[in-house]
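# Below are the sequence and a predicted model for it; my questions follow.
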Amino acid sequence: MNTQSPNHSITKSPNSSTCLVLYSGGLDSILACRILQEQGIHVIALYFITPFFGYKLKGREKILEKKVLADQGIEFKEIDISDAYLKMVKNPEHGYGKYINPCIDCKILMVRKAMKMLGEFNATFVATGEVLGQRPMSQRRDALRIIERDSGADGLLLRPLSALHLRPTDMENKGLVDRSRLLGLTGRGRKDQIALAGKYGIKEYPAPAGGCVLADPILSRRFKRMFELWPELDVNDCVLAQMGKHFILPDGSWLVIGRDERENAKIVSLMRQGDIRLDLTSGPGPTGLWRKIYSDVNADLAASILCRYARLKKRPEEIKLSGHGTENIKTIRTVPASDEIINKYRM
């Protein structure tokens, strides 16, 4: 296979097609881009973000864009689909995987979105880095067909890494893509992809574990419980759910305690109207965010739970409760909650 130097800029041929590639940042999607680029096809990488994957890079797209462009010459677009994704994940048509990962509906949603953007970018088709048989739920042969059909991408969805094991797409039949230069990878092995990365000069790429928190055994249990408690859960809630220690108080309110200075800052940044912030008055320590509050009857309990995570755990502490902004609500003097209390209300 012919490859170009990783520092060589890849330009669009005057007669080439444009393709939108679902780009995850992982090796397979990078390889899909490079395989198509080798045929003179202009590639635009669509990086979809949701509260469950990619969200940490929101607002930092210029950093990622520069890296992608510098390393492989790939045009890059970030697309936030958080609201649509959250609606889907609460009730996926094709169900969940081992945890609450709606892998088939996830890919359908992203491909459908990419299909709607073809005209915007004057593109002809959509491609992904999917490999037949690599993932048990979404990359079976029947699942790949379902994704193509239900996303409205019939004949217009190319999987360059496994194309030789799949039926030819319209682009191959019309000669826009040379099928003989596509690949026939299958299964969960990674040796072929790693070898291709070496040929293309791709030196940095993440491990293939996947970056979706819905497939994480701990976080998926938390999200399942939260969806049951609060069907109206929104994007801000889902981001908050991924940090700190979590407690459900007797009235159904939600308390989150930061585990370190970095998490404290993130928790505060997510505070909104109706939330209550908890801080030690004696100095640095954990910060708490109390949400979905129906009354202040559990304020003492919330304060004692925060106190439990202070450095000096045996003495009484003053906990300041404040609302959105800087308004002070009250100060509570309390002792740390017992292990029994912590275990009872810990989510």
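That came in fine, so what should we check first? Numbers count the residues shown, from 1 in each chain.

# For the spatially closest residue to N236 that is not a sequence neighbour, give its distance to L240.
Using Cβ to Cβ, 6 or more residues apart in numbering and skipping the chain neighbours, the partner closest in space to N236 is L270 (5.8 Å). Every C-beta, even on glycine, is put in place using the N, C-alpha and C of the backbone. Computed with Cβ to Cβ, to the nearest Å, the distance linking L270 and L240 is 5 Å.

# Pull up the overlap in contacts between the two.
Listed as contacting both L270 and L240 by Cβ atoms under 8 Å, 6 or more residues apart in numbering are L289.

# which of these two has more neighbours?
Between L270 and L240, counted using other Cβ atoms under 10 Å, the more crowded position is L240 (24 against 15).

# So for that one, what's the pLDDT?
pLDDT, L240: 97.

# ok, now I63?
If you check I63, the pLDDT there is 61.

# do you know how far the residue nearest to N236 is from S82?
Computed as Cβ to Cβ, the L270 to S82 distance reads 14 Å.

# Check the contact lists of these two and give me the overlap.
Counting by Cβ under 8 Å, 6+ apart, L270 and S82 have no contacts in common.

# Who are the contact partners of the residue nearest to N236?
For L270, the contacting residues are 236, 239-240, 289, by Cβ under 8 Å, 6+ apart.

# Filter those down to just the ones in helices.
236, 239-240 (DSSP state H).

# Not counting stretch 293-302 itself, show me its contacts.
The contact list for stretch 293-302, computed with Cβ under 8 Å, 6+ apart, reads 247, 249-253, 255, 274-276, 278, 288, 290, 321, 329-330, 332, 334, 337, 341, 345.

# buried ones in it?
Of all the residues in stretch 293-302, those buried under the rule 16 or more other Cβ atoms under 10 Å are 293, 298-299, 301-302.

# All the helices of the stretch 151-300 of the chain, in order from the start?
Secondary structure of the stretch 151-300 of the chain (DSSP state H, counting those that start in this stretch): helices located at 170-173, 191-200, 217-229, 235-240, 261-269, 299-308.

# which regions of this structure lie under the pLDDT threshold?
Applying pLDDT under 70 to the chain flags residues 1-15, 57, 59-71, 206-210, 312-314, 325-326.

# mind listing the strands for it?
Secondary structure of the chain (DSSP state E): strands at 18-22, 42-49, 75-80, 125-127, 157-158, 245-248, 254-257, 276-280, 288-291, 317-322, 328-334.

# Now do the shortest one: which elements does it pack against?
Under the contact criterion of 3 or more Cβ pairs under 8 Å, 6 or more residues apart in numbering; DSSP states H and E, strand 157-158 touches strand 125-127.

# Now do the strand it packs on: everything it contacts.
If you take Cβ under 8 Å, 6+ apart as the criterion, strand 125-127 is touched by 17, 19-22, 32, 36, 111, 114-115, 118, 153, 156-160, 169-171, 176.

# Which residues are in contact with the residue lying closest to A123 once chain neighbours are set aside?
Leaving aside its chain neighbours, A123 sits nearest to T18 (4.1 Å; criterion: Cβ to Cβ, 6+ apart). By Cβ under 8 Å, 6+ apart, T18 lies in contact with 12, 41-44, 121-124.

# cutoff 6 Å now
Contacts for T18 were tallied using Cβ atoms under 6 Å, 6 or more residues apart in numbering; they are 42, 122-123.

# ok, now P51?
Going by Cβ under 6 Å, 6+ apart, P51 touches 82, 235, 238-239.
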